[in-house]
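Engineer: Here's a sequence, model it:
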Amino acid sequence: MSDGPRDALVDHGEECAECRAHMAAVAAVLERSAVPVDAAQLSALVVARVHPQLVAHARVTFWRRLVVVLVVALIPLPLIVAADLWALGWLYAVASAWLPALIATYLVVSYGSTVMVLLGSVYAAIPLLLARPLRVPEEATT
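Structural biologist: Below is the predicted model of the structure:
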C-alpha cells in the first residue's frame, strides 16, 4: 500500500485553516469514544460462534480422509489375499508330504484363520488411527 492518499490528507490538514480548527475537536471525540478491547473475551466469543462450523468441518474432513485411506488400503487387498492363498496352498503341499492329511489341514486352517484375523485387525485399526488427534510440534506452540 502506498502512503499517497494519507500524505494528501495530511497536506490538506496542514494547509486548510478550517480543518486545522476542527482537528482538536475530532481528536477529542475519537479519544472519548475509544472502546477498550478485551482480547480474551473476544476470542471466547469467536470460538463459541464458530464452534459448530468447526465441528462440522472436522467431521467432513475425517470422513473424507477415511474414505481416501480405505480406498488406498483396499487397492492391494486382492493381491494380499491371492498371495496368502498361494502360501496356504504351498504350506498344505509341503505339510501333506510330511504329515497326515488331517494334521496338514489343521495346520493350514489354523494359519489361514490367524492371517485372516491379523488382516482384519489391520483394516479395523485404520479408522482408529485416523480418529486420534494429530500432535502439534512443540516448537510451533512456543
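Engineer: Quick check: which helices or strands does the lengthiest helix in the chain pack against?
Structural biologist: Of all the segments of type helix in the chain, defined by DSSP state H, the longest one is helix 39-74. Using 3 or more Cβ pairs under 8 Å, 6 or more residues apart in numbering; DSSP states H and E as the contact criterion, the elements in contact with helix 39-74 are helix 101-131. (C-beta placed from N, C-alpha, C; glycine too.)
Engineer: which other helices and strands contact the helix it packs on?
Structural biologist: helix 39-74, helix 77-98.
Engineer: per-domain residue ranges of the protein.
Structural biologist: Partitioning the chain according to automatic domain parsing yields domains covering residues 1-34, 43-141.
Engineer: Can you tell me which of those domains has the worst average pLDDT?
Structural biologist: Within those, the stretch with the lowest mean pLDDT is domain 1-34, showing a mean of 71.
Engineer: now that domain, how far from the centre of its chain.
Structural biologist: Relative to the chain's own centre, domain 1-34 is displaced by 48 Å; criterion: Cα atoms, centre = their mean, to the nearest Å.
Engineer: for stretch 108-116, same thing?
Structural biologist: Taking the mean of its C-alpha atoms, stretch 108-116 sits 36 Å from the chain's own mean (Cα atoms, centre = their mean).
Engineer: This completes my enquiry, with thanks.
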